[in-house]
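Engineer: need coordinates for the following:
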Amino acid sequence: MPGVKYQLTTTGANSPLWSPDGKQISYFQAGSPPSLVAVDVRTQPTFAFANTTKIPIPNVVARPGGNVRPYDVTPDGKQFLIVTSGTQPSDASQQQELRVTLNWFEELKQRVTVP
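Structural biologist: As a prediction, the model looks like this:
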C-alpha cells in the first residue's frame, strides 16, 4: 500500500539496503560498535518482517548519517562487500589505497584455459 510506513527497529539504524531478490533488508544498527543486521521481509500478500540476524563482522567502518553506504551485497545476494578498518589502529600518516579492476572477468577468461 503506497505511503504506508513500517518500523523495523526501535534502536536506530542507517544505511538501509534491499537485497537483490527483495527478500531481505540490511542496515547498520546503532550502537558502539554499530552492527550490520539483516531482516527477512516479504511484500506479498502484505508487508511483513521477521528473523532479524546480526552479521558478525569485526571492525566495520560505519558512517552514521553519511551519504556513502560502506557495504553492498553481491547480485546473487549471497555475500556482503564491506569496508573495514583492518585489525590495526589506523595511522593517519599512511596513505590509503583503493584499486578497482574493470572488466576483470574478460581478463580472467584470457588467462585461464578451460578444458
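
Engineer: where does the closest residue to G31 other than its chain neighbours sit: helix, strand or coil?
Structural biologist: Nearest residue to G31, sequence neighbours excluded (Cβ to Cβ, 6 or more residues apart in numbering): T11, at 7.1 Å. In short, each C-beta sits where N, CA and C put it, glycine included. At T11, secondary structure determined by DSSP: H, G, I helix; E, B strand; the rest coil is coil.

Engineer: my guess is T11 meets Y27, correct?
Structural biologist: No - in this structure, T11 is not within contact of Y27 by Cβ atoms under 8 Å, at 10.6 Å.

Engineer: which one's more surrounded, these two?
Structural biologist: Set T11 next to Y27 and count neighbours by other Cβ atoms under 10 Å: Y27 wins out with 21 against 8.

Engineer: what pairs with the helix or strand that one falls within, parallel or antiparallel?
Structural biologist: In this assignment (DSSP states H and E), Y27 forms part of strand 24-29. Applying DSSP bridges, strand 24-29 is found paired with strand 13-18 (antiparallel), strand 35-42 (antiparallel).

Engineer: so how far is it off the chain centroid?
Structural biologist: Between the centre of strand 24-29 and the centre of its chain there are 8 Å (Cα atoms, centre = their mean, to the nearest Å).
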